[in-house]
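Trainee: After the sequence you'll find the predicted model.
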Amino acid sequence: MSLTVHAPDAPPVSPGAATSLLDAYRPATDRFLATPRRTLLGRGTTAEVPHADGPLPHRVRQVLDALRKPGAPAPVVVGSLPFTPDAPPSLAVPDVVHWAPPLRQDPLIALPVPRDGERPEWRVREVPAARRYGEAVAAAVARMRTGEFDKVVLARTLELTSEHAPDLPAMLRALAHRDPEGYTFAVPSGPGRTLIGASPELLVARESGRLTANPLAGSAPRSTDLAEDVRRAVALLESPKDLHEHAVVVTAVREALAPFCTRLEVPERPTLVRTATMWHLSTTVTGELADPDTTALDLASALHPTPAVCGTPTDVARAVIAESEPFDRGPYTGMVGWQDADGDGEWVVTIRCAEADGRRLRLFAGAGVVAESSPAAETAETAAKFRTFLHAVGATL
C-alpha cells in the first residue's frame with residue numbers, strides 16, 4: 001500500500017468529520033489520536049521506527065526524511081514511547097493518515113454513546129493492594145523528610161480480566177464522549193497489545209517554530225455536588241502542598257525548555273483544569289524556538305520524564321519507583337503522539353490509560369508524593385483517577 005498523508009491544516013469538512021474518524025477506528029491496524037487541536041486516524045503501516053542505539057529523535061527524522069516526496073504533505077509518525085527511555089518505542093508511519101477538526105468542535109460528540117450488547121463481567125485485582133500502596137507512600141515520605149529526595153510519583157495498577165476480549169472501539173468512544181476536551185488515544189503498544197486512554201496533559205507541542213507545554217501537578221477529586229466541587233477547586237488553588245508539588249514540575253519544565261528558546265513565557269501562578277473526575281493545577285508554558293530544526297520530539301525527549309510522572313531528583317526518583325512498584329510501567333507515564341517530517345507535532349503524557357492484551361486490561365494511576373503527603377490521601381487520589389477508565393469499561397473498584 002502506498003503512503004498517503006492528508007494535510008493536518010485542512011479546513012473543516014462538515015459536522016461529524018471528527019466523530020466519523022472516531023467511529024472508524026479499528027484495533028491492531030489503526031492509530032487514533034484526538035487533541036484539542038485536531039483529530040487523527042492512521043491506517044496500516046508503511047514503516048516502523050527501529051529500536052537502536054543513538055537518539056530517538058534522530059531515528060525518527062531519518063525514517064520521515066526517507067519517505068518525504070516533493071510537493072506532497074510531510075509524512076507523519078504516530079505512536080507511543082515507554083516510561084523507560086531505552087525501552088523499545090512503538091512508533092510507525094501509517095499508510096494513510098486522515099485528519100479532522102477537534103472532537104470538541106464536532107456537535108455529534110454531545111450525542112449519547114450507543115451501547116452494543118452487554119458489558120463484560122470484570123474480575124479486578126489491585127497491584128499492589130491499597131494497603132501496600134499506602135505503606136510505600138509512607139516509606140517514601142519518611143525518606144523525603146530526611147532530605148534524601150524531594151518528590152516521587154508512585155503508581156499502582158488494576159488488572160481487569162473477563163471471559164472475552166474487551167471491545168476497544170466501544171471503550172475509545174466512551175472515553176472520547178466523556179471528555180472531548182482532552183487527549184484521547186488508541187495505538188498499538190507491542191505485539192497483540194493496545195494502549196488506550198484519555199490523558200488531560202500535554203507534554204509539548206511544536207507548530208511552526210512555536211512551542212506549548214502544559215504541565216499538570218497537584219490534583220483533587222471532583223464531586224457531583226456543585227458547591228462541594230467548587231470548594232475542592234478553591235482548596236486546591238490554595239493548598240501549600242499541591243502548589244509546592246506544581247512549582248517543582250514547572251521549574252523543571254522551564255529549565256528543560258529554556259536552552260531551546262529565544263523567548264519562554266511561564267505564568268507566575270497556576271490555573272485549574274478539570275476532567276470528568278479530577279481537578280488539576282495547570283500552567284501553560286509558551287516559547288519561540290531558537291533553532292528551526294528543533295523538532296517536537298527533540299523537545300519531548302528533553303522534558304521526559306518530568307517530575308509530574310517521575311519525581312526529583314530524577315535518578316533517585318527512578319530508583320525509588322523501581323523499589324516500590326511491583327510491576328513494569330511499560331507505556332504508562334511515557335508519551336503518545338505524532339510528528340511530521342517538518343518537525344511539528346504533539347506529544348501527550350500517557351496517563352489515565354490502560355494496556356489491552358487479549359482478555360486482560362491493565363489500568364494505571366499514580367500520585368505525586370512529597371514530604372507533606374498523606375498515604376490515605378494519595379491512595380484516594382489514585383482511586384479517583386482510576387474512575388475515568390473504570391467508567392468507560394463498566395467496572396468498579
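Mentor: Here it is on my side, so go on.
Trainee: drop to CA atoms for contacts and neighbour counts, all remaining ones
Mentor: OK.
Trainee: tally of neighbours for the residue lying closest to Ala165 once chain neighbours are set aside?
Mentor: Closest residue to Ala165 in three dimensions, ignoring its sequence neighbours and counting by C-alpha to C-alpha, 6 or more residues apart in numbering: Arg359, at 4.1 Å. Arg359 has 14 neighbours, counted by other C-alpha atoms under 10 Å.
Trainee: Could you do the one 10 residues further on as well?
Mentor: Other residues within reach of Val369 by the criterion other C-alpha under 10 Å amount to 27.
Trainee: Please apply the same query to the one 4 residues further on.
Mentor: When neighbours are counted by other C-alpha under 10 Å, Ser373 registers 18.
Trainee: All the strands of the stretch 251-397 of the chain, residue numbers only.
Mentor: 261-265, 271-274, 278-282, 285-289, 311-312, 335-340, 345-349, 353-357, 360-369 (DSSP state E, counting those that start in this stretch).
Trainee: and Pro73, which of the ones you listed is closest to it?
Mentor: Of all those, the one in closest proximity to Pro73, counting by C-alpha to C-alpha, is strand 335-340 (9.0 Å).
Trainee: Which other helices and strands does that closest one contact?
Mentor: When contacts are defined as 3 or more C-alpha pairs under 8 Å, 6 or more residues apart in numbering; DSSP states H and E, strand 335-340 packs onto strand 76-81, strand 345-349.
Trainee: What is the last one packed up against?
Mentor: Helices and strands touching strand 345-349, as assessed by 3+ C-alpha pairs under 8 Å, 6+ apart, comprise strand 202-207, helix 296-303, strand 335-340.
Trainee: Out of these, which is closest to Ala170?
Mentor: Closest of the helices and strands packed on strand 345-349 to Ala170 is strand 335-340, at 20.2 Å (criterion: C-alpha to C-alpha).
Trainee: Name every strand pairing with the closest one and say which way it goes.
Mentor: Each strand paired with strand 335-340, and its direction, by DSSP bridges: strand 76-81 (antiparallel), strand 345-349 (antiparallel).
Trainee: okay, now Thr314: neighbour count?
Mentor: Thr314: 18 surrounding residues under other C-alpha under 10 Å.
Trainee: next one: Glu268
Mentor: Other residues lying near Glu268 total 9 when counted by other C-alpha under 10 Å.
Trainee: List the contacts of Asp86.
Mentor: The contact partners of Asp86, by C-alpha atoms under 8 Å, 6 or more residues apart in numbering, come to none.
Trainee: Check what pLDDT Pro70 gets.
Mentor: You'll see Pro70 listed with a pLDDT of 88.
Trainee: To clarify, my last question referred to Leu257.
Mentor: Residue-level confidence at Leu257 comes out at 98, pLDDT.
Trainee: Provide a list of residues in contact with it.
Mentor: Contact partners of Leu257, counting by C-alpha under 8 Å, 6+ apart, are 264, 299, 302-303.
Trainee: if you set the cut-off to 10 Å instead, what comes out?
Mentor: Contacts here follow C-alpha atoms under 10 Å, 6 or more residues apart in numbering; on that basis Leu257 touches 204, 211, 213, 263-264, 285-287, 289, 299-300, 302-303.
Trainee: for Glu355, same thing?
Mentor: Taking C-alpha under 10 Å, 6+ apart as the definition of contact, the neighbours of Glu355 are 159, 186-190, 193-197, 330-332, 361-364.
Trainee: distance of it from Pro120?
Mentor: 17 Å (C-alpha to C-alpha, to the nearest Å).
Trainee: Next: Val78.
Mentor: Between Val78 and Pro120 the distance is 30 Å, computed by C-alpha to C-alpha.
Trainee: I figured Glu381 hits Pro221, correct?
Mentor: Yes. Using C-alpha atoms under 10 Å, Glu381 is in contact with Pro221, at 6.7 Å.
Trainee: who's more crowded, the two?
Mentor: Between Glu381 and Pro221, counted using other C-alpha under 10 Å, Pro221 has the larger neighbour count: 22 against 19.
Trainee: ok, the closest residue to that one other than its chain neighbours to Leu81 distance?
Mentor: Once its chain neighbours are removed from consideration, Pro221 has its nearest residue in Met278; the separation is 4.5 Å (C-alpha to C-alpha, 6+ apart). Look at Met278 and Leu81: by C-alpha to C-alpha, they are 25 Å apart.
Trainee: and Pro270, how many neighbours does it have?
Mentor: Burial measure for Pro270: 20 neighbouring residues, criterion other C-alpha under 10 Å.
Trainee: Columns mean neighbour count, distance to Asp315 and mean pLDDT on top of the strands paired with strand 335-340, output as a markdown table?
Mentor: Converted to a markdown table, these look like this (neighbours: other C-alpha atoms under 10 Å; distance: least, C-alpha to C-alpha, whole Å; pLDDT from 0 to 100):
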| stretch | mean neighbour count | distance to Asp315 | mean pLDDT |
| --- | --- | --- | --- |
| strand 76-81 | 28 | 19 | 97 |
| strand 345-349 | 28 | 19 | 97 |
